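> only the shape, not the letters, is given here:
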């Protein structure tokens, strides 16, 4: 039977060529995802609006009182507000990343239940290109959203002290965090049985920043909560962001923990997403 | 191409069970290259499951399925390089324009950029989508969207095309348009396996009709041959005779019992 294969069959691409083609598929799928974001901007606007609203509420409603308790030397009122803006901006930036993760999960789940991905699964497309396109586009979206939210914080009076090297490190670090969050959320979206559950699972990612050093110092929390806050990924991530924005040397243990969490959870998300994409669906 | 020694589709003993519901019980089917075979059968007979297995979307539980000699389980990527699929779900990206949808598929088939323009414009003309080329797919009518769907299926120049209920929900004129497209496709040497609920569609298009009932092939012949064998005036009569609910005591599918 195999000897009778007709000559019209295309040759199997060479192994190295296969990698090149996979890269090309990733570019194609990323372009599609970005185009979809441009065509459907209301989702992006909503994602950026949510952390901005949180920032405003936390600074202008809670800030006057909370700031005095959080930052040594600050007193209730305007001085507390100013101090609290400084304190929570890194946490709000992390929230922005988590909030984009939620929308990534939703758009992946919508895509997977749609006919387009069914078509792609019958085509010789590199399997990871389909989810990879979502992820790369979401990382681009995260960088832009974080820049926008940071811009709002600056308008409110936040003054980062980062030098050029810090900004460069910050860009790389934010991209790494975004990559981790979006691979996790792409997996959640691909594994979700429905679009509704794809929007619920990443709520966990949105809750975690509240249980970290993002909004109040962990030292002020009761024992078990403090233990959790100290040992979850968002605390080292937010502390690294805080250090870089302040232009200070980041504690090596904290930065190392943040990078390790990102690499570990990112790899987990990647493997999970791959398995979920391959799972047959009718 | 019709003289190719390898059948376009070769299925032997194909089995598929969803949880405890057996859908295919050892299906055998051969489709010679360059022909149109219509897969007929009542709802739940296993038509879509067969197409899903052949188009590498679903693994079978037993038996073998080959497309142009490539085993769908062992070498799915080779199968994907030679097939085109239009499923029941609309497989166009609603947010992209007609041209962008076609370009997306062309890029994923790695057609060189300059080259990709030719098949995409050719297909837009062939399917009468030229006026809508810059419109987002979500604004197209049902018939136009189905045409775009089929055009996207053809971008990669497939040798075997699966059409799963391609004309469901289309008005009579759009159906006839689509039939003409399928005939043109076959004239160019492409093999087509189509599933349909419309018996006149099978009569119009198919060289051979395969009737599926409870996961098995109960007839496989030319439309005329089927009508003769059952002394029937139309495929409707043949269909009703072949797919009558099984009498008690015969080997029935679990779904019929529950």
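Thanks, I have the structure now. The structure displayed is predicted, hence computed values, not measured ones.

> report the contact partners of the closest residue to residue A:114 other than its chain neighbours.
Among residues not flanking residue A:114 along the chain, residue B:89 sits closest, at 7.2 Å (CB to CB, 6 or more residues apart in numbering or on different chains). Bear in mind the C-beta positions are built from the backbone N, C-alpha and C, glycine included. For residue B:89, the contact set (CB atoms under 8 Å, 6 or more residues apart in numbering or on different chains) comprises A:114-115, A:118.

> just those residues: which are in strands?
Among the contacts of residue B:89, no member is found in strands (DSSP state E).

> from those, pick the one nearest chain B.
residue A:115 (3.5 Å; CB to the nearest CB).

> isn't the closest one right next to residue B:86, touching?
No: Residue A:115 is not in contact with residue B:86 according to CB atoms under 8 Å; the separation is 9.3 Å.

> and residue A:202, backbone torsions?
phi -70, psi 0 (degrees, to the nearest 10).

> and it, how many residues sit next to it?
With neighbours defined by other CB atoms under 10 Å in any protein chain shown, the count for residue A:202 comes to 24.

> just checking, it touches residue A:109?
No: in this structure, residue A:202 is not within contact of residue A:109 by CB under 8 Å, at 10.4 Å.

> out of the contacts of residue B:89, who's the most crowded?
Ranking the contacts of residue B:89 using other CB under 10 Å puts residue A:118 first, with 21 neighbours.

> residue contacts, that residue?
Listed by CB under 8 Å, 6+ apart, the contact set of residue A:118 reads B:57, B:85, B:87, B:89, B:91.

> between those residues, which is closest to residue A:210?
Residue A:210 lies nearest to residue B:89 out of the contacts of residue A:118, by CB to CB, at 39.4 Å.

> list phi and psi for the closest one.
With angles defined as degrees, to the nearest 10, residue B:89 sits at phi -80, psi 140.

> circling back: which neighbours do residue A:115 and residue B:86 share?
Shared contacts of residue A:115 and residue B:86, counting by CB under 8 Å, 6+ apart, come down to residue B:149.

> longest helix anywhere in the chain?
If you meant another chain, say so; for now it's chain A. Longest helix in chain A, counting residues (DSSP state H): helix A:78-112.

> not what I meant, chain B
In terms of residue count, the longest helix belonging to chain B (DSSP H) is helix B:172-187.

> which positions in stretch B:62-81 come out as buried?
Using 16 or more other CB atoms under 10 Å in any protein chain shown as the test for burial, stretch B:62-81 gives B:63, B:65-72, B:75-81.

> for residue B:233, grab the count of nearby residues.
9.

> and if you look at residue A:57?
11.

> would you pull up the residue in the stretch 101-250 of chain B closest to chain A?
Going by CB to the nearest CB, chain A is nearest to residue B:107 of the stretch 101-250 of chain B, at 4.3 Å.

> counting neighbours, what do you get for that residue?
Neighbourhood size, residue B:107 [other CB under 10 Å]: 20.

> distance of it from residue B:156?
11 Å (CB to CB, to the nearest Å).

> next one: residue B:48
22 Å.

> for residue B:68, what are phi and psi?
The phi/psi pair for residue B:68 (degrees, to the nearest 10) is phi 50, psi 40.

> next: the one 3 residues further on.
Residue B:71 has phi and psi values of phi -70, psi 130 when expressed as degrees, to the nearest 10.

> got the contact list for it?
Residue B:71 makes contact with B:64-65, B:79 under the criterion CB under 8 Å, 6+ apart.

> among these, which lie within strands?
B:64-65.

> as TSV, the contacts of residue B:71 with distance to chain A and pLDDT would be great.
Output for these, formatted as TSV (distance: CB to the nearest CB, whole Å; pLDDT from 0 to 100):
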residue	distance to chain A	pLDDT
B:64	10	92
B:65	13	93
B:79	9	93
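
> residue B:192 bridge partners, please.
Beta-bridge pairing for residue B:192 (DSSP bridges): residue B:36, residue B:161.

> do the same with residue B:209
In this structure, residue B:209 bridges to residue B:38, residue B:221 when assessed by DSSP bridges.

> quick one: it from residue A:155, how far?
To residue A:155, residue B:209 is 70 Å away according to CB to CB.

> neighbour count winner among the two?
Taking neighbours as other CB under 10 Å, residue B:209 and residue A:155 compare with residue B:209 leading, 27 against 8.
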